[in-house]
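Participant: how would this look folded up:
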Amino acid sequence: MPYDSFSNEEVPKGTGVMYVKKDGSVLYFASAKSMKNMLDLKRDGRNVKWTKKTFSLTTDKKKEEKKESALAKDIEKKLAEKKGTEAKK
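Facilitator: Residues are numbered from 1 along each chain as shown. Predicted structure coming up:
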């Protein structure tokens, strides 16, 4: 089965549009929304939040990129110590 050229969704058999450009390249679209976004509005599927291309490229990276600074770690340690001393009283 073909995949949508814009959103990377699977196009079920008997549905969607097969668009052939003048240079002979074939583009498949599952909906009019994805066809309009790519051809008329000239958007890139990777930069649009609702597409599967976006999620597959950014989801794993966001988890890895989340790093804490040294200042934030120091503040957390001080708060933990403060809670520990208050609990002893």
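
Participant: which residues in this structure form helices?
Facilitator: In the chain, the helices defined using DSSP state H lie at 32-35, 52-65, 70-88.

Participant: Mean pLDDT lowest where, among the ones you listed?
Facilitator: Ranked by mean pLDDT, the helices of the chain bottom out at helix 52-65, which scores a mean of 59.

Participant: distance of residue 14 from residue 77?
Facilitator: Using Cβ to Cβ, to the nearest Å, residue 14 is found at 61 Å from residue 77. (Each C-beta comes from the backbone N, C-alpha and C, glycine too.)

Participant: again, but for residue 83
Facilitator: For residue 83, the distance to residue 77 - Cβ to Cβ - is 11 Å.

Participant: returning to that earlier point: ok, residue 14 and residue 77, which is more surrounded?
Facilitator: residue 77 (10 against 5; other Cβ atoms under 10 Å).

Participant: Show me which positions of stretch 21-35 end up buried.
Facilitator: Buried residues in stretch 21-35, counted by 16 or more other Cβ atoms under 10 Å: 27, 28, 29, 30, 31, 34, 35.

Participant: got the contact list for the first one?
Facilitator: To tie it back to what came earlier, the one meant is residue 27. 5, 18, 19, 20, 21, 38 (Cβ atoms under 8 Å, 6 or more residues apart in numbering).

Participant: rerun that using 7 Å as the cut-off
Facilitator: 5, 19, 21 (Cβ atoms under 7 Å, 6 or more residues apart in numbering).

Participant: Is it possible to get a markdown table of the residues you listed that adds pLDDT and distance to residue 53?
Facilitator: A markdown table is the format used below for these (pLDDT from 0 to 100; distance: Cβ to Cβ, whole Å):
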| residue | pLDDT | distance to residue 53 |
| --- | --- | --- |
| 5 | 90 | 10 |
| 19 | 95 | 18 |
| 21 | 94 | 20 |
